[in-house]
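Novice: sequence-free structure coming up:
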Ligand code: NAD
């Protein structure tokens, strides 16, 4: 099939490349001409393991091209995927400007019958509105069918998730469109769950809200564990053995971040609010997360007192390992608090430094090596569970001025830490000193 994918971010580019890999002819479109130029030269503008190799392979095999021109990109498309961003508005609702711009552009430039597949996460009812928007603005006598196909990939394992995901959700009342999409995805051998448009849209928000709830829940348990002398890692392991609960997303830490959970939880609260429903539980989840993200900073102040001119080593900036994405990462809040308190922040991240420089306070210094960030520090805080940090030689902590480590991700075994002479605080476990 001839496919177009609009938006070449974490979702769009991975989707385009993977669809090319299973044999389709894909045109990836983005308004960012610099990005398009890079990709034409086989440079992947984001960090996603395995993506460069797969993108280059499919370009060389003539199944993948890039353009900044919508009209040219839509010319032959049997199916057009929308994978542009839906960031958060100030009131927490989803900003649909980019999605609507693409829908209008399709209406004005598409010249053959096409299916428009919305991969972007959009509030319930959006696809129905996009259908009307396209029908009302169509310049050619073509049939355009809008289908919801929410995306569930995770940054850092996006290619694996696209090939081996748990389910593909297709929301449509048009049997022919569902058939065509089923055919398109056939080589992936992933179960397809076909439903109506609004339920499909809700599946995405409900899934992310549920995962965020699990995280906030275990973080609350962790905070109680600290006070009653239990160990949250053992509690989570024991809970996870119950198949009704499952062990995934029961990792205590400094809360969720990233480009999806924070905005999607808030958007779902808004979706509920728009129909006069107070999603009380989810408001709690969001508030707990806000509190949890500050936890490392608070533990630092508790143990170090005044942070003026203290060197704090910040280990990990990305919102999770294996990505360069720092959108809504806890590191943003924590480094802001640190710089406000007059600390000298020396940060290390194996991949996300360039993105961090664009977002974080300009006073932050970036170390080239983990050891350099830690050396002579008054304290070290761990914000991302990169395997490089998890597997580091713990003796490096001895090069600190005072070996105080606040581990926001519980990455070290307490038994290993006990062998060293350092003061170690983590989340929901006993303190070692
Ligand atoms: P992103 O910000 O990484 O990429 C969006 C891209 O769209 C950018 O390159 C931007 O230049 C481009 N764009 C904007 N307007 C355009 C237009 N009119 N024409 C062409 N290109 C345009 O976004 P993302 O993280 O890939 O997320 C995309 C959507 O997928 C969002 O709705 C998000 O909630 C959802 N989603 C994201 C993830 C994730 O892990 N990132 C997972 C599942 C779902």
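Specialist: Done, it's in. Quick caveat, the model's predicted, so the values are computed rather than measured. Numbers count the residues shown, from 1 in each chain.

Novice: count of neighbours near the closest residue to residue 395 other than its chain neighbours?
Specialist: Leaving aside its sequence neighbours, residue 395 sits nearest to residue 420 (Cβ to Cβ, 6 or more residues apart in numbering; 7.1 Å). Every C-beta, even on glycine, is put in place using the N, C-alpha and C of the backbone. By other Cβ atoms under 10 Å, the residues close to residue 420 number 16.

Novice: ok, residue 428 next?
Specialist: Neighbours of residue 428 (other Cβ under 10 Å): 24.

Novice: what number of residues lie near the residue in the stretch 151-300 of the chain positioned nearest to the ligand?
Specialist: Ranking the residues of the stretch 151-300 of the chain by distance to the ligand (Cβ to the nearest ligand atom) places residue 151 first, at 4.0 Å. As a burial measure, residue 151 scores 23 neighbours (other Cβ under 10 Å).

Novice: for it, list the residues it contacts.
Specialist: Listed by Cβ atoms under 8 Å, 6 or more residues apart in numbering, the contact set of residue 151 reads 11, 15, 83, 119-121, 204.

Novice: can you tell me the helix or strand for it?
Specialist: In the assignment (DSSP states H and E), residue 151 maps to no helix and no strand.

Novice: near the ligand, which residues of this structure are found?
Specialist: 6-12, 29-32, 35, 83-86, 98, 101-102, 119-121, 151, 153, 155, 259-260 (Cβ under 6 Å from any ligand atom).

Novice: of these, grab the buried ones for PyMOL.
Specialist: In PyMOL syntax, the buried subset of the residues of the chain next to the ligand is picked out as below (16 or more other Cβ atoms under 10 Å):
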select buried, resi 6+7+8+9+10+11+12+29+30+31+35+83+84+85+86+98+102+119+120+121+151+153+155+259+260
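
Novice: just the residues of the chain next to the ligand: which are in strands?
Specialist: The strands, defined by DSSP state E, take in 6, 29 from the residues of the chain next to the ligand.

Novice: mind listing the strands for the stretch 101-250 of the chain?
Specialist: For the stretch 101-250 of the chain, applying DSSP state E, counting those that start in this stretch gives strands covering 114-118, 144-148, 168-171, 192-195.

Novice: so for residue 63, which of the ones you listed sits nearest?
Specialist: For the strands of the stretch 101-250 of the chain, the distance to residue 63 is smallest for strand 114-118, at 18.4 Å, taking Cβ to Cβ.

Novice: contact partners of that closest one?
Specialist: Outside strand 114-118, the residues that touch it by Cβ under 8 Å, 6+ apart are 74, 77-82, 99, 103, 106, 126-127, 130, 134, 142-150, 177, 180-181.

Novice: so residue 359 touches residue 332, yeah?
Specialist: Yes. Taking contacts as Cβ atoms under 8 Å, residue 359 lies within contact range of residue 332: 6.4 Å.
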